[in-house]
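>>> Build me a model:
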Amino acid sequence: MTTHAKQRVIPFNLLCKYPFMNACMSWIQEKNVDPIEAFYNHATMMEKIRGIISDALENKEETKALGHADDEGMYMYPWIRIILSFMNMPRLTHKIANLLSKHFSNLLEQENELTVLVVARDQGILAEQVPPDKTIAVNTVSFPFRLPFLDFLNISARFKAQAWKLVNKLLQNGFVYLRKHDLVRMLEENVKLKLIEPSTAVNDDDLKNSFNNDPILKPFFDGLVSVVKERMASSAGASIDNMPVDDSLFPPCISFIIDKNAKGINLTHSERLFLVYFLLTIGKTVDEVLDLFRNQPDYNEKITKYQVEFAAGKHGKQTQYKPHNCVTLESIGICKKDDSRFGSKSCTEPKTPFKNPLTFYRRKMWYKAKRAGETARLQVRDGGDPGDMAVPEEPVEPGTSEFYEEPSTKK
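Modelled structure (predicted):
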């Protein structure tokens, strides 16, 4: 069975695998199945939705609860959006949006270029595949897609990272040339934004009445709400690291290194280590860190990915390293508290002295939450003033040779 979208034949198994596609909704509408009936027609849907919510609350980036062997996922995906809208719990919505967008992103990274292009065009990203004789490669990195630069500007506005600025992209003849990974990241962000938006189905009074009066679905929903509230209450305030990372609150030392990297200037060994440890510690993903390093003139995808994953504790002794403290940073020339451009009085004249740049960032995040009126939900891990937060003043210092160990060539 197949369906058509954007004048392309989209295989049925692809719709099952990526239920966020617009073609999936067209397929469902053609079936004309009542939403409540869809629940009853798929016996495992409730349990799988519970699993997805549980994985999201654990901040996972992949879930086994969303299979793609049949059409169940196509019916379950819109129901997830409906349930999130009924719940009206923004924090949970963002967690699920992060989980599912990362989940689909990981799947798309394993697809061939044509499949990624089909999914992208379904989502309104009008990229095109570069003809083989016109493919561009820079430092062995291939750019198999291109997008009109105005389209790129509209999409890239969603991204804060310097790597997404037009000045840092390959632009020729009105087109921005993209790697497969770039297209996947666009799709990931697209999925995330759509999941965060309330479902239009919540305005359907007939659906709400049917749902609220259903002897199975209403208790199921109430049970979900109860579990989510209980689990969030037990974890609220465990750490502000669960808040979205805010690049504008970085300490001077990190801002200096990121600016240097954005200009394509080769970072020193110490700067690379410190940047990786800091970003991973505050919640950046391995992929997000890799995106930054792609600006480096000596960038090597395989080696850099291994090194970043090593720092994240995924290889070797599985130690998760913490960033250097301020004393160490001063001794190796990375401290920029007095820098004319990046320096900050929060460093030179702090109300409460601190010894680690993590404290600088976490204090800024704490005050940001306070201004937003969320202090009660996002308490610091030890309670009280953010200056009292448990920050490792003497982090595990990595062995240089160990961190830069070459990836194993063993199969």
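
>>> can you give me the helices for the stretch 1-150 of the chain?
Applying DSSP state H, counting those that start in this stretch to the stretch 1-150 of the chain gives helices spanning 12-17, 22-31, 35-41, 45-57, 72-87, 90-109, 113-122, 149-156.

>>> Pick out the shakiest of those, pLDDT-wise.
Mean pLDDT is lowest for helix 35-41 among the helices of the stretch 1-150 of the chain, at a mean of 87.

>>> helices and strands around that helix, which ones?
helix 45-57, helix 72-87, helix 205-213 (3 or more C-beta pairs under 8 Å, 6 or more residues apart in numbering; DSSP states H and E). C-beta: built from backbone N, CA, C; applies to glycine.

>>> I'd like to know which of those helices lies nearest to Asp339.
Closest of those to Asp339 is helix 45-57, at 39.7 Å (criterion: C-beta to C-beta).

>>> Tell me which residues of that closest one come out buried.
45-46, 48-49, 52-53, 55-57 (16 or more other C-beta atoms under 10 Å).

>>> Determine the set of other helices and strands touching that helix.
Here helix 45-57 touches helix 35-41, helix 72-87, helix 90-109, helix 217-235, going by 3+ C-beta pairs under 8 Å, 6+ apart.

>>> In JSON lines: the ones you listed, plus mean neighbour count and distance to Ile10.
As requested, the helices and strands packed on helix 45-57 are exported to JSON lines (neighbours: other C-beta atoms under 10 Å; distance: least, C-beta to C-beta, whole Å):
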{"stretch": "helix 35-41", "mean neighbour count": "15", "distance to Ile10": "21"}
{"stretch": "helix 72-87", "mean neighbour count": "21", "distance to Ile10": "12"}
{"stretch": "helix 90-109", "mean neighbour count": "20", "distance to Ile10": "14"}
{"stretch": "helix 217-235", "mean neighbour count": "14", "distance to Ile10": "30"}
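
>>> Turn the ones you listed into TSV, columns for distance to Lys17.
Below are the helices and strands packed on helix 45-57 laid out as TSV (distance: least, C-beta to C-beta, whole Å):
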stretch	distance to Lys17
helix 35-41	18
helix 72-87	8
helix 90-109	7
helix 217-235	25
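
>>> Which of the buried residues of helix 45-57 sits closest to Asn261?
Taking the buried residues of helix 45-57 together and measuring to Asn261 by C-beta to C-beta, the closest member is Ala56, at 31.5 Å.

>>> Count the residues that sit near the spatially closest residue to Ile136 that is not a sequence neighbour.
Distances taken as C-beta to C-beta, 6 or more residues apart in numbering place Phe143 nearest to Ile136, at 4.8 Å, with adjacent residues excluded. Neighbours of Phe143 under the rule other C-beta atoms under 10 Å: 19.
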